[in-house]
Each structure stands twice: as structure tokens, then as C-alpha cells.
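Undergrad: Sharing a model that was predicted from the sequence below.
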Amino acid sequence: MFLKIEVQGLEELKDELNGKLLKRLNTNLQDTVEKSGTLVETTAQKLAPHGSHSWFHETIRAEFPAPLKAEIGSEAKYAPFVELDTRPHWPPIEPLVEYAHLKLRKRYSIKTFGPRSYKEAAGAKEDTAEQVGFLLARKISRKGTKGQHVFLRAGTQTEAKIHGLFLKAVGSAVNG
């Protein structure tokens, strides 16, 4: 006597389980991509120059243009020049004068000069700011600028944590 066992629907069950696994995996991976993008965004914002006149950190954003894709960047026109080194060039002086003026204003106040001589000092600060702006431009024309490498450093600093997030997402999808 022979016993014959025939299992039907095994392929359908396998396909259904694979479909559920793939759906769970895809959902987990999408959540992880968004967490990772946000992590790199906040890290880059912290690493970006913060100063009396720097709003670069506020322009850094993570965007998710397609499933399982994150892009972290800045809409600032000058972002490549902040991120990367520049060769020697003659920059526009006006932003450098404005930068120098803001730095000088922080350094010299009414308390330093007293109320009577503050107006004289303010006029002197304008001249000094123009001189400092010119000196900064001249230095850039000779040496260039050193990039901040904000996005590169943010990626490097978050790489291990992001790797862990993805391992956790895959494990969670497989284990259920």
C-alpha cells in the first residue's frame, strides 16, 4: 500500500508570502531612506557655517524625488563654493565688505566708544570694513578658498548609523 500526498497551491502560497515580504521590505526600506535622508540633512546643517551673516545651514534640505531615493543639498547659488575648494579668483567685494562690517559691528559697540564718539567710530568702521573687504578679496585672489565639505563630512559621520538602520529594516521585514 502506498500513501500519496499531493500539496496543491504551494506555488501560490510561496508567491503570496514573497509578495507580503516584498511589500514589508519595501515599506521598511522607504521609511529607512527617509530617516537616513533626514539624519544626513540635520548633520549637514550642524556642520554648515553658522555666523553673524551665514544662512547656508538653513538652505540645506533633504528631498525624496522617487521611491527609495534621497537627495540632500542646498538651493543656495553659492553652495558649490562653500562645499568645495576654489582656485584663486577675484571675488565680488560687496559681500566681503558686508561680512567685514558685521564682524566689526560685533567687535565695536557704543559701550566701547561712548555715546559721543560712536558716530565717529561708525564712520571709521565703514572705511575699515571696506579695507578689510578688499584685503579679504586680495587674499582669495592669491590663495582661493578652502571648502567646508559639509555634505561629505555629514555622509561620513552618518554612514555607520545609516548602515545599522538598513540592517534593522531588512531584519524587521524578514522576521515579521
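TA: Looks like it came in fine. All values derive from a computational prediction rather than experimental measurement. Numbering: from 1, shown residues only.

Undergrad: in the chain, which helix or strand is least confident?
TA: The helix or strand of the chain with the poorest confidence is helix 110-113; it has a mean of 47 (mean pLDDT, DSSP states H and E).

Undergrad: Let me see the mean pLDDT of stretch 79-92.
TA: What stretch 79-92 shows for mean pLDDT is 92.

Undergrad: Now that stretch: buried residues?
TA: The neighbour-count check on stretch 79-92 (16 or more other C-beta atoms under 10 Å) flags 79, 82-83, 91 as buried. (C-beta placed from N, C-alpha, C; glycine too.)

Undergrad: Helices - which of the residues you listed land there?
TA: Per DSSP state H, helices hold the following members of the buried residues of stretch 79-92: 79, 82-83.

Undergrad: got a markdown table for the residues you listed, with distance to Q148 too?
TA: Shown next, in a markdown table, are these (distance: C-beta to C-beta, whole Å):
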| residue | distance to Q148 |
| --- | --- |
| A79 | 10 |
| V82 | 5 |
| E83 | 6 |
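
Undergrad: Nearest residue to the middle of the protein?
TA: Centroid-nearest residue in the chain, with C-alpha atoms, centre = their mean: A44, separated by 3.2 Å.

Undergrad: how much space between the nearest residue to it once chain neighbours are set aside and T43?
TA: With C-beta to C-beta, 6 or more residues apart in numbering as the criterion, A44 has its nearest non-adjacent residue at 3.8 Å, and that residue is A154. A154 sits 4 Å away from T43, going by C-beta to C-beta, to the nearest Å.

Undergrad: domain assignment for the chain?
TA: Annotated domains of the chain cover 10-75+148-176, 86-145 [automatic domain parsing].

Undergrad: weakest of those domains in terms of mean pLDDT?
TA: Least confident of the domains of the chain, judged by mean pLDDT, is domain 86-145 with a mean of 74.

Undergrad: need the helices for the chain, in chain order.
TA: Along the chain, counting by DSSP H, helices occupy 10-47, 79-83, 93-107, 110-113, 118-143, 150-175.

Undergrad: For the second one, which outside residues touch it?
TA: Helix 79-83 is touched from outside by 48-49, 56, 59, 73-74, 76, 145, 147-152, with contacts defined as C-beta atoms under 8 Å, 6 or more residues apart in numbering.

Undergrad: try 6 Å this time
TA: For helix 79-83, contacts defined as C-beta atoms under 6 Å, 6 or more residues apart in numbering pick out 56, 147-148, 150-151.
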